[in-house]
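Novice: sequence first, then the predicted structure, then my questions.
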Amino acid sequence: MTNSVQSASSIANASGAATKQANVVGKDDFLKLLTFQMKNQNPLKPYDNQEFAAQLAQFSQLEQLTDIRSLLEEAGNVNKLLAETMTNSALPGMLGKTAKALTNEFTYDGNETVKLGYGVPATAKSGTIAIRNEAGFVVRTIELSGDTVKTGNHKIVWDGKDNDGNQLPIGRYRFEATLSEAGDSSYSADTYLEGKVEAVRFKGEGTMLVIGGSEVPLGRVLDISVN
């Protein structure tokens with residue numbers, strides 16, 4: 001029999017250090033430690049009643065907090081499921097409408113023009129739009145100046161041709177918008193794609209909208225309009 005009795009908290013700390021598990025003691029573990037402590041206390045020096053009552057109060061608080069957390073997690077899951085159900089039920093109504101989504105990737109069908117957008121946070125001196133093919137080579141560079149580099153959202157219409165005026169093939173492309181300020185400093189602007197919503201796809205990684213032949217996560221859609 002030991003001359004002193006370890007407290008439940010010290011036993012918990014020793015156990016957590018030995019096993020290298022989470023340092024948060026659950027209510028079941030706490031109760032087991034408290035029971036172990038009572039069974040192994042020194043009969044010649046009983047455990048202090050006041051401290052024991054304090055530990056019971058801690059256990060009660062722990063149990064209440066655990067129950068509250070469980071209720072909050074359950075409510076959060078229900079709300080998430082409800083939101084997803086409501087969103088998915090409204091998605092068919094988006095077909096055929098014009099959507100704007102944050103992305104720098106798009107699919108060129110070899111025929112139709114493509115609307116490419118970019119945002120200017122503060123009026124710049126100049127800028128460029130660089131369009132790259134699937135291999136990463138720049139096939140078209142479009143210079144920006146004047147009203148096209150003023151604060152706000154802008155879009156250009158790409159005709160599907162390269163810098164030499166040759167029609168480019170069907171395929172995947174991406175574009176970058178670079179803005180220049182006074183002093184020759186430059187930065188990349190946010191880019192977005194605008195086009196018709198052609199399909200809605202439910203995939204493991206989430207709901208996707210097909211805009212101009214490109215899959216875009218629903219969370220990246222900025223707005224949808226009838227035009």
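Specialist: Yes, it's here.

Novice: for this protein, longest strand please?
Specialist: Taking DSSP state E as the criterion, the chain has its longest strand at strand 191-203.

Novice: name the strands paired with that strand and say parallel or antiparallel.
Specialist: Note on strand 191-203: by DSSP bridges, its sheet partners are strand 98-102 (antiparallel), strand 114-120 (antiparallel), strand 206-211 (antiparallel).

Novice: relative to Val138, which of the ones you listed is closest?
Specialist: strand 114-120 (14.2 Å; C-beta to C-beta). To be clear about C-beta, it is placed using only N, CA and C from the backbone, and glycine gets the same treatment.

Novice: can you list the neighbours in contact with the very next helix or strand once past the closest one?
Specialist: Reading on from strand 114-120 to the C-terminus, the next helix or strand found by DSSP states H and E is strand 126-132. Residues outside strand 126-132 that contact it (C-beta atoms under 8 Å, 6 or more residues apart in numbering) are 116, 118, 120, 138-145, 148-149, 156, 158, 173-180, 189.

Novice: which parts of this protein are helices?
Specialist: Ranges of helices in the chain, per DSSP state H, are 8-19, 27-39, 49-90.

Novice: returning to that earlier point: so what touches the longest strand of the chain?
Specialist: Under C-beta under 8 Å, 6+ apart, the answer for strand 191-203 is 88, 91-92, 94-106, 114-119, 153, 155, 175-177, 207-216, 222, 224.

Novice: mean neighbour count and distance to Gln167 added to the strands paired with strand 191-203, as CSV?
Specialist: Listed next are those as CSV, based on neighbours: other C-beta atoms under 10 Å; distance: least, C-beta to C-beta, whole Å:
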stretch, mean neighbour count, distance to Gln167
strand 98-102, 20, 25
strand 114-120, 20, 13
strand 206-211, 18, 22
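
Novice: of all those strands, which one is nearest Pro169?
Specialist: That would be strand 114-120 among these, by C-beta to C-beta, at 13.8 Å.

Novice: I'd guessed Ala219 sits against Gly206; true?
Specialist: Actually, residue 219 is Gly rather than Ala. Yes - with contact defined as C-beta atoms under 8 Å, Gly219 reaches Gly206; the gap is 7.2 Å.

Novice: about what we covered before: relative orientation of the longest strand of the chain and strand 126-132 in degrees?
Specialist: 40 degrees (axes from the mean of the first three to the mean of the last three C-alpha atoms, to 10 degrees).

Novice: show me which positions of strand 191-203 end up buried.
Specialist: Under the neighbour-count criterion of 16 or more other C-beta atoms under 10 Å, strand 191-203 has Thr191, Tyr192, Leu193, Glu194, Gly195, Val197, Val200 buried.
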